[in-house]
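A.B. asks: the sequence isn't on hand, but the structure is:
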C-alpha cells in the first residue's frame, strides 16, 4: 500500500510534534517494511535515520522552485496533485491538519490530533492562534476518514468540542525515543551530574517552563514537603513564566535546592532521568505526556497530575496528585521520596505499562487502520 505523510514536523521540529512524527515513521519503516512510505516535506531539515535506513530516502519535496518558495500553499493545497501522481492511497496528517481536496481526488485520509488544549484553556493562547488552530483542527477532523487521537482524553475532547462521532476516532498511543531505553553506566551518570553541578539526590521535571506545565506549583510543593537533602531540577525551554519561578526561588532562598536548566542537550536527558530519585510532571493539562513515558523507560517512578491524560501515560508506574492542590502535591512528593519499596513497585509496574506503547505494536495498529480504508 502507498501511504503518504505530512512529514514537515518530522524533518524540522526537535520536540513535541516532531518527536511524534519521527516515532511513527521510524516504527513503520522498521516494522511494516512491505508498506510504501512517501514523506512530503517542503524542505529537508534534520536528516533522520532508522537503523541505518535514512527516512530521507522516502522524502518528497515540492516539484518546482516556485512551489518551494510558496511551500505553505504547496503543503495545504498543491501537494494533493502530487499525491495523485504518486498514486497515494492513504494520506496521514501527523500534526493536526490535512491538505484541502483529498476526498475530491479519491485519496483516503487519516489525521492525528494531539490535543485541544487551546479550546480548554483559551486564555493561554493569543486569539489569532486560536482562530487558525480551530479552523485547521476542526476541518481536518471533519474531512478525515479516521481521526487518530493520542489518548482517550484527546478523543473525549474531539467528541465534545467538534462533535465527531466516537466510532470515527481511534486511540493509538506513542512511545518515546529509544535513547531513553538504554541503560547507562555509573560513570556516565556521574559525568552528567557533574556537568550540571547536581550534588544531592534530586527530583527531575522535564518540560517547557510555561504556565500550563505548572512548575511554580511544583516548586511551592517541593518547599512545603521539606525533603531532606533533596534538590528539584527543572529542565526545559524558558518562557516569560520562568521569571515568576525565579522570583519565588529568590524570595524563599531556594537557590541551592532548586535548579533551572535551559538548553540541556537532548543526549544528556537519559542520564538526567536515570540519575534522578524520582520524576515529577504536574502539568495542568496534556494531550499525552511523553516525559512520563521517558521517566518510566528510564526506571524512575513518577509523580504526575490528575485531570487529563497523564494517568494513561503513566498507568501503574505513577502516583497522581491534583495539580492545583499544593498540599496534595507536597504529600505525594513526601510519600515517594521516603518509601523506597513503593518506588521500586512503581518502577516495576511502569515497565509493564509502557510495553503497550512499543513501536511494533503501534506500527501494527496503524497498518491495520490504513488497510481498513483501502
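C.D. replies: Everything's here; your move. This is a predicted model, so every value here is computed, not measured. Numbering: from 1, shown residues only.

A.B. asks: buried residues in stretch 58-73?
C.D. replies: Within stretch 58-73, the residues that qualify as buried by neighbour count (16 or more other C-beta atoms under 10 Å) are 58, 59, 60, 61, 62, 67, 71. C-beta: built from backbone N, CA, C; applies to glycine.

A.B. asks: what are the contacting residues of stretch 85-93?
C.D. replies: Contacts to stretch 85-93, defined as C-beta atoms under 8 Å, 6 or more residues apart in numbering, come from residues 1-6, 24, 38, 60, 83, 98-99, 102, 107-112, 140, 144, 148, 366, 370, 373-374.

A.B. asks: low pLDDT regions in this structure?
C.D. replies: Low-confidence segments of the chain, defined by pLDDT under 70: 46-54.

A.B. asks: longest helix of it?
C.D. replies: helix 127-143 (DSSP state H).

A.B. asks: partner strands of the following helix or strand past that helix, parallel or antiparallel?
C.D. replies: Remark: after helix 127-143, the chain's next helix or strand is strand 146-149, criterion DSSP states H and E. Using DSSP bridges, the strands paired with strand 146-149 in its sheet are strand 108-113 (parallel), strand 169-171 (parallel).

A.B. asks: distance to residue 358 and mean neighbour count added to those strands, as TSV?
C.D. replies: Shown next, in TSV, are the strands paired with strand 146-149 (distance: least, C-beta to C-beta, whole Å; neighbours: other C-beta atoms under 10 Å):
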stretch	distance to residue 358	mean neighbour count
strand 108-113	18	24
strand 169-171	16	18
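
A.B. asks: give the contact list for residue 114.
C.D. replies: Taking C-beta under 8 Å, 6+ apart, one finds 16, 17, 20, 95, 96, 150, 154, 287, 288 in contact with residue 114.

A.B. asks: same question, residue 8
C.D. replies: So residue 8 contacts 40, 41, 42, 75, 95 (C-beta under 8 Å, 6+ apart).

A.B. asks: and if we set it to 6 Å?
C.D. replies: residue 41 (C-beta atoms under 6 Å, 6 or more residues apart in numbering).

A.B. asks: residue 290 now?
C.D. replies: Applying C-beta under 6 Å, 6+ apart, the residues near residue 290 are residue 176.

A.B. asks: how's the protein carved up into domains?
C.D. replies: 2-175+358-373, 178-354 (automatic domain parsing).

A.B. asks: tell me how far the ends of the longest one are from each other?
C.D. replies: Meaning domain 2-175+358-373. 12 Å (C-alpha to C-alpha, to the nearest Å).

A.B. asks: the last one now?
C.D. replies: The distance separating the two terminal residues of domain 178-354, taken as C-alpha to C-alpha, comes to 12 Å.

A.B. asks: for residue 316, give its distance to residue 257.
C.D. replies: The spacing between residue 316 and residue 257, counted by C-beta to C-beta, to the nearest Å, is 30 Å.

A.B. asks: mind listing what's buried in whichever strand or helix holds residue 362?
C.D. replies: Element membership of residue 362, judged by DSSP H and E, is helix 359-373. Buried residues in helix 359-373, counted by 16+ other C-beta under 10 Å: 359, 361, 362, 363, 365, 366, 367, 369, 370.
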